[in-house]
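Asker: Below: sequence and its predicted model.
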Amino acid sequence: MNKADLTKRPAEVASMFDEVSAHYDRMNTVLSAGNDHLWRIATTRAIDPRPGELVLDVAAGTGTSSAAIATFGAHVVAADFSAGMIEVGKARQAGNPRVEFVQADATDLPFGDDEFDAVTISFGLRNIVQPKKALAEFFRVTKPGGRVVICEFSTPPLAAVRAAYYGYLQFGMPIVARLASSNAEAYEYLMDSIRAWPSQPTLAGWLRDAGYERVAYRNLTAGIVALHRGHKPGRAIDGKTS
């Protein structure tokens, strides 16, 4: 069994996700008590995909989020570092012409400048060894006037909620992972990475440093998860200024 650690060496992270790819979506639903569906709906609404748009979904995994975005008529490039995730995703989305899978490193994206109307990543930014470099790449490939949407585990602002949540991460999640997962050690990394991840204002600052404007965030599920949004300065494709 492979377990990455907080050094987040890319090969180890990719190998870990390769091993859990077949049951990844089911485990997300189990561990989040079904909230992953609600978070996906909120993220898709924040992206606001439109017919004919080109959307980059980074760390797309098996393409569950990509398929949700594509239902609104956008073409979605589902990029992931894990070959195993892409293999499962291609099989599941084989009949979906609006979802295209590409193996890619988030810190060195194989796309041109100003290519995408929107760039999004859900629960993947904290797994990248150089998240600020990834945000710079997101900015590079976003069209002027385009937008970025990040859904990520975060820091609950209320002390009582934070204590209960961290208690679940430390004691509850390992039990559930041992019962339901073929690689429980991978979910130990999940717990470690969540607790080490910076707060909402810090990530908002990183987005501004990358060049995005109109940066804002809102908490979901009492701040267990946060949605961050930003816009690339310039003129949007429809002629409206951003």
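Answerer: Done, it's in.

Asker: And the helices in the protein?
Answerer: Along the chain, the segments classed as helices by DSSP state H run 10-20, 24-31, 35-47, 64-70, 83-92, 131-141, 159-167, 173-180, 184-196, 200-210.

Asker: Buried deepest among those helices, which one?
Answerer: helix 64-70 (a mean of 23; mean count of other Cβ atoms under 10 Å). Where C-beta positions appear, they are placed from N, C-alpha and C, glycine not excepted.

Asker: quick one: average pLDDT of it?
Answerer: The average of the pLDDT scores along helix 64-70 is 96.

Asker: do the same with stretch 205-215
Answerer: Per-residue pLDDT values over stretch 205-215 give a mean of 98.

Asker: gap between the two ends of it?
Answerer: In stretch 205-215, first residue to last residue: 9 Å (Cα to Cα, to the nearest Å).

Asker: From the chain's centroid, how far away is it?
Answerer: Here the centre of stretch 205-215 is set off from its chain's centre by 17 Å, with Cα atoms, centre = their mean, to the nearest Å.

Asker: still on that earlier bit, closest to Gly234 out of the helices of the chain?
Answerer: helix 131-141 (11.2 Å; Cβ to Cβ).

Asker: In PDB, list the C-alpha atoms belonging to the closest one.
Answerer: Listed next in PDB are the C-alpha coordinates belonging to helix 131-141 (Å, rounded to 0.1, in the frame of the first residue of the first chain):
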ATOM      1  CA  PRO A 131       0.300  25.200  -4.800                       C
ATOM      2  CA  LYS A 132       1.400  28.700  -5.500                       C
ATOM      3  CA  LYS A 133       3.100  27.600  -8.700                       C
ATOM      4  CA  ALA A 134      -0.100  25.800  -9.600                       C
ATOM      5  CA  LEU A 135      -2.200  28.900  -9.100                       C
ATOM      6  CA  ALA A 136       0.300  30.800 -11.400                       C
ATOM      7  CA  GLU A 137      -0.400  28.200 -14.000                       C
ATOM      8  CA  PHE A 138      -4.100  28.400 -13.600                       C
ATOM      9  CA  PHE A 139      -3.800  32.200 -14.100                       C
ATOM     10  CA  ARG A 140      -1.700  31.700 -17.200                       C
ATOM     11  CA  VAL A 141      -4.200  29.400 -19.000                       C
END
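
Asker: quick one on the thing from earlier: mind putting the helices of the chain into TSV with distance to Ile150?
Answerer: Listed next are these as TSV, based on distance: least, Cβ to Cβ, whole Å:
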stretch	distance to Ile150
helix 10-20	18
helix 24-31	17
helix 35-47	9
helix 64-70	12
helix 83-92	19
helix 131-141	9
helix 159-167	19
helix 173-180	22
helix 184-196	15
helix 200-210	7
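
Asker: Which of those sits closest to Val99?
Answerer: Of the helices of the chain, nearest to Val99 by Cβ to Cβ is helix 64-70, at 4.9 Å.

Asker: which residues touch that closest one?
Answerer: Identification of contacts with helix 64-70 by Cβ atoms under 8 Å, 6 or more residues apart in numbering yields 25, 40-41, 43-44, 47, 49, 55, 57, 60, 76, 78, 89, 93, 96, 98-99, 120, 122.

Asker: which ones are touching the residue positioned nearest the centre of the chain?
Answerer: Nearest residue to the geometric centre of the chain (Cα atoms, centre = their mean): Ser122, 1.8 Å. Contact analysis of Ser122 by Cβ under 8 Å, 6+ apart lists 39-40, 43, 57, 59, 65, 150-152.

Asker: Same check on Lys133?
Answerer: Neighbouring residues of Lys133 by Cβ under 8 Å, 6+ apart: Thr107.
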